[in-house]
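Undergrad: following is a predicted model, sequence given first.
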Number of protein chains: 2
Amino acid sequence: MSIVTIERKVLEKNDAIAAENRALFESHHLFVINLVSSPGAGKTRLLERTLERLKDRVALGVIEGDVQTDLDARRVARYGAPVVQIVTNGACHLDAGMVRDAAAKMDLDTLDGLIIENVGNLVCPAAYDLGEATKVVLLSTTEGEDKPLKYPAMFRNASVLVITKMDLAPYLHADIEQLKRHALWINPDLQIFETSCESGDGLPAWCDWLVRKTAVAHA
Amino acid sequence: MSIVTIERKVLEKNDAIAAENRALFESHHLFVINLVSSPGAGKTRLLERTLERLKDRVALGVIEGDVQTDLDARRVARYGAPVVQIVTNGACHLDAGMVRDAAAKMDLDTLDGLIIENVGNLVCPAAYDLGEATKVVLLSTTEGEDKPLKYPAMFRNASVLVITKMDLAPYLHADIEQLKRHALWINPDLQIFETSCESGDGLPAWCDWLVRKTAVAHA
């Protein structure tokens, strides 16, 4: 049995569980985001700022995925949102089965939306559907404008690109317009938000989008 | 046949080829680095600055690993070093077989050292020995001081940590001493260089280390 066959079987099994997850989330009128990026692009930081801003408007739950440690779950828990930590113990991405087991520990009826923070990795998580409504990819200004071209699958599979750390752009040689052109070459339908969790710039637009999407899922 | 069995077989096969690579490199008295980090931590930038500084002192060759594009090989080729690009077509790490095939395209007798730039990924490349003498992990100041704890395998398997983008540290809340403490908890033997490719700080110490290592390999 070849490796390719095994991989296809793994992905087929994952996709079947993801379809069950999606049906479950839809039956609860939940808007679910799969949040992906490189390590250190600022997923947890964006999550913290989002929970802070939306705490009186949208009931958000969080599933945290990490190779090791529950540091992120502890950071997020301070904002009062229900959070379940998945520690993958070396695996480089979440899969649909892990998300199914984590979701079973949450009271989905009390939630409007669920944000799944994936393992920091711009490659492998692109292949694993978790049952989310939308993949949101983060890219920080410090990572360089070539990244959509070098890691195209992630940008092709996402609906939204959140550019983070815009406050650092003046100190870099980063060409943000070029970064956006590259992202739109790979995926012309990408919706792009330019944000800074430091200054707060761009967070209202991002949060408004999230509120609208949870409202639509709830309707 | 379980997935775990397959993965073990893949790794065993990889390790066997890596041992052949290592013997080949040693027979040519080559010092070989496996350069790993998140996407955008600055591997290619460090490589460019290193080639620039060492061009009259050490004959370095480069193997570039990317999921897609030959952008990095083109950047590196401008410095006159022999470079072979591996495009993994979606695979999230280099393996020893890819490196064997790339090395076969180089005239190893003309080289003192070989730097293999791995795919940007803090997880999967940790598991794949390429036959290198040393793994060097890069971490940029913008990625956060928790990364050694969250991606421990990579920091445990490396001998050297190069902290990059030190010039940005004043604009961040980054606690570099804490970052170093975390790295040394995971791996007390890590040698650490603090660098900025922007200001040049720390590059002489890093380059001196590289020169010494190639000299020892050559002796």
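TA: Everything's here; your move.

Undergrad: strands along chain A, start to end?
TA: Assigned by DSSP state E, the strands in chain A fall at A:31-36, A:60-66, A:83-87, A:113-117, A:134-140, A:160-164, A:191-194.

Undergrad: any idea how far residue A:173 is from residue A:212?
TA: As judged by C-beta to C-beta, to the nearest Å, residue A:173 and residue A:212 stand 35 Å apart. Heads up, the C-betas are built off the backbone N, CA and C, glycines and all.

Undergrad: which of those two has more neighbours?
TA: residue A:212 (11 against 8; other C-beta atoms under 10 Å in any protein chain shown).

Undergrad: next up, the contacts around the residue most central in space within chain A.
TA: For chain A, the residue sitting closest to the mean C-alpha position, by C-alpha atoms, centre = their mean, is residue A:35 at 0.5 Å. By C-beta atoms under 8 Å, 6 or more residues apart in numbering or on different chains, the residues touching residue A:35 are A:43, A:46, A:47, A:115, A:116, A:117, A:118, A:136, A:138.

Undergrad: now do it against residue A:92, distance only.
TA: Residue A:35 is 16 Å from residue A:92, by C-beta to C-beta.

Undergrad: ok, residue A:75 - contacts?
TA: Contacts of residue A:75 (C-beta under 8 Å, 6+ apart): A:44, A:48.

Undergrad: confidence score at it?
TA: Looking at residue A:75, its pLDDT reads 95.

Undergrad: for the helix or strand of chain A with the lowest mean pLDDT, which outside residues touch it?
TA: When the helices and strands of chain A are scored by mean pLDDT, DSSP states H and E, helix A:3-27 comes last with a mean of 88. Defining contact as C-beta under 8 Å, 6+ apart, one finds that helix A:3-27 is touched by A:32, A:95-97, A:99-100, A:103, A:108, A:114, A:127-133, A:217, B:1, B:3, B:6, B:10.

Undergrad: over to stretch A:169-189?
TA: With C-beta under 8 Å, 6+ apart, stretch A:169-189 has contacts from A:139, A:141-142, A:144-149, A:152, A:155-156, A:158-159, A:161, A:163, A:166, A:190, A:192, A:194, B:167-168, B:171.

Undergrad: can you do 7 Å?
TA: A:141-142, A:145-146, A:148-149, A:152, A:155-156, A:158, A:161, A:163, A:190, A:192, B:168, B:171 (C-beta atoms under 7 Å, 6 or more residues apart in numbering or on different chains).

Undergrad: can you list the buried residues in stretch A:203-214?
TA: A:203, A:206, A:207, A:210, A:211, A:213, A:214 (16 or more other C-beta atoms under 10 Å in any protein chain shown).

Undergrad: of these, closest to chain B?
TA: residue A:203 (17.4 Å; C-beta to the nearest C-beta).

Undergrad: quick one, what contacts that closest one?
TA: Applying C-beta under 7 Å, 6+ apart, the residues contacting residue A:203 are A:49, A:53, A:195.

Undergrad: of all the residues you listed, which comes closest to chain B?
TA: For the contacts of residue A:203, the nearest to chain B is residue A:49 (14.0 Å; C-beta to the nearest C-beta).

Undergrad: mind checking the end-to-end distance for stretch A:89-103?
TA: 19 Å (C-alpha to C-alpha, to the nearest Å).

Undergrad: same check on stretch A:140-150?
TA: 15 Å.

Undergrad: same check, this time on stretch A:78-96
TA: The straight-line separation of the ends of stretch A:78-96 (C-alpha to C-alpha) is 26 Å.

Undergrad: give the buried residues for the least confident helix or strand of chain A.
TA: Quick answer for helix A:3-27 (16+ other C-beta under 10 Å): A:6, A:14, A:17, A:18, A:21, A:22, A:24, A:25.
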